[in-house]
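Undergrad: structure, please.
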Amino acid sequence: MFDNPVERRETHCAKWDELIENTGEEEIIPLTVADMDFRVAPEIMHAVMEAANHGVYGYTNVSESSIALTQQWIQNHHHWEAQREWIIYCPRVINAICQIIQNFTQRGDSVLILAPLYDPIQSAILNNGRKLIRTSLVYDGNHFEIDFNDFEQKIKSGVKVFIAVSPHNPTGRVWNEEEVAKMVHLCKENHVLIVADEVHADFIWKGTFTSFGQFYDEYDQMIIGTSPSKTFNIPGIEASSIIIKEKTLREKFSDCLKSAGFHNPNYFCNSAVEAAYGEGGEWLTLVKQTILENRVHAISFIDRECVPCKVVPGEGTFLLWVDYSALGIAEDVLNQKLLHKGKVACSMGGNFGEEGRGFFRINVAQPPAIFNQALERIKKVVEEVKK
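TA: Have a look, this model is predicted:
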C-alpha cells in the first residue's frame, strides 16, 4: 500500500512544488514539511468522494459524530477523558496558538518555549510583539533533557504563557509522566497558562505518551491542541480540536475565534474526521509499520554510512533529528550542498533556533524506495564534505 510513490509535483504542493520553485532543482527530494507522501486511508478517500458527489459545498457545522469520535480517540489512545463541552473546533493548532498569544497576553509579555522548537510557534510569538523566552534543552550527545533549574527560573521571571510541544518537534522527545507533572506543577505555582500542542501524539516509538490533559484535575489553566492531521495525513482538511476544561478560559477562546472570523469548518472536514477516527485504525497500523521500518533503517544507515553524523532518535513523531556538528561545516554551506549537489532537502536546525545549529531534521514518512534514495544522496554529500 505504501511502496508506490504518489506524484505530488505540479499539484501546488507546499512540500514539493514550492521547493522546486525556490531551488530550481526538478529532481530534488524533500524530507522537510511534516506531512506524509502516502495516500490516505481508503475509507477517508471514499468518505470525501461521497461528500463531493453531493455537489453542494455549502457552509457546514461541526458534526456531533466527529466530536464524539474525537472524544473516543483521546480516551482510547491518549488515556484521558475530554468532556463534550470542552472541545472547540479550530482549523489548525497554530491558528489557536496565535489567537491565544494575541488575546491572552499583552504586547511585551513573556512567552516560554523549550528550544529548539518548530519555527511557526516562535514566529507567532515574535510577530505579535511578545517576548520570546527560551529554556534550552540539554544535549548530552545522545539525548535531550529539560533543564528544570533554568525552566523554573524562567517561569518565575513573569512568564504569562508556556507553550509545550509533545512529542517535541524537532527533537522527537516524548515528555514522560514525571516531566509533564513537573512542568504542570511549576506553571500552577506561578499562575502560568499552559498551551500544549499534541498533534504528533499518535506516533510513539518508545515508552508511552503522557498528555497534559491527564493533569486537568490538578490544574485547569491549560489549553490542549490535538488533531487527526498528522495521524491520518489530512493536514489540508484543516481539522483540529482545542480542548479547554475551565469555562471562563473556554468562553474567552471561543469569543476570540468568532472575532477573528473562524466559524465553520471546511465542507469536507466532518467526512474526513469521521472516517479517520471511525474507520482508519487499520490504515494507521500499517502506515506506522512502514514509518517504523524507515526510521530503523535511517538510524542504522546514517550512524553507519554517514559518520560522523548520527541520529538523536527521540521517542516520537515521524521526524528524525540528525547531529552533523562533527562535520565542522557551516549550516548554509551544508544546506547548499544538500540542495544542489545531493538534490535532497532537509530542515536545517538553525530554523528551529540557535540551539538547533549543528543538526538537521528529516521526515521519514516516505515510500521506502524514495526515502532510501534520499538517504544515499545525504551520504554522497557527507562523503564530499569529509574529503
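
Undergrad: now the helices for the stretch 1-150 of the chain?
TA: 17-23, 42-54, 64-73, 93-104, 119-127, 148-155 (DSSP state H, counting those that start in this stretch).

Undergrad: just the stretch 151-300 of the chain next, same as before
TA: Residue ranges of the helices in the stretch 151-300 of the chain, as given by DSSP H, counting those that start in this stretch, are 177-189, 247-259, 269-279, 281-305.

Undergrad: can you tell me which of those is most buried?
TA: Among the helices of the stretch 151-300 of the chain, helix 269-279 has the highest mean neighbour count (mean count of other Cβ atoms under 10 Å), at a mean of 24. Where you see a C-beta, it was placed from the backbone N, CA and C, and this is true even at glycine.

Undergrad: between that one and helix 64-73, how many degrees?
TA: In terms of direction (axes from the mean of the first three to the mean of the last three Cα atoms, to 10 degrees), helix 269-279 departs from helix 64-73 by 40 degrees.

Undergrad: quick one: which of the helices of the stretch 151-300 of the chain is nearest Asp119?
TA: Of all the helices of the stretch 151-300 of the chain, helix 177-189 sits nearest to Asp119, with 21.6 Å by Cβ to Cβ.

Undergrad: could you report the neighbour count for the nearest residue to Lys386 once chain neighbours are set aside?
TA: Spatially, and ignoring its direct neighbours in sequence, Lys386 is nearest to Leu327 (7.3 Å; Cβ to Cβ, 6 or more residues apart in numbering). Leu327 has 18 neighbours, counted by other Cβ atoms under 10 Å.

Undergrad: and the gap between Leu327 and Ile74?
TA: As for Leu327, its distance to Ile74 is 42 Å (criterion: Cβ to Cβ, to the nearest Å).

Undergrad: helix/strand/coil for the closest residue to Cys346 other than its chain neighbours?
TA: Computed as Cβ to Cβ, 6+ apart, the closest residue to Cys346 that is not its neighbour in sequence is Phe360, at 4.1 Å. Assigned with DSSP: H, G, I helix; E, B strand; the rest coil, Phe360 falls in the strand class.

Undergrad: what bridges to Phe360?
TA: Using DSSP bridges, the bridge partners assigned to Phe360 are Val322, Met348.

Undergrad: contacts only, for it.
TA: By Cβ atoms under 8 Å, 6 or more residues apart in numbering, the residues touching Phe360 are 321-322, 324, 334, 338, 346-349.

Undergrad: which one of those is nearest Leu286?
TA: When those are compared against Leu286 (criterion: Cβ to Cβ), the nearest one is Trp321, at 25.2 Å.
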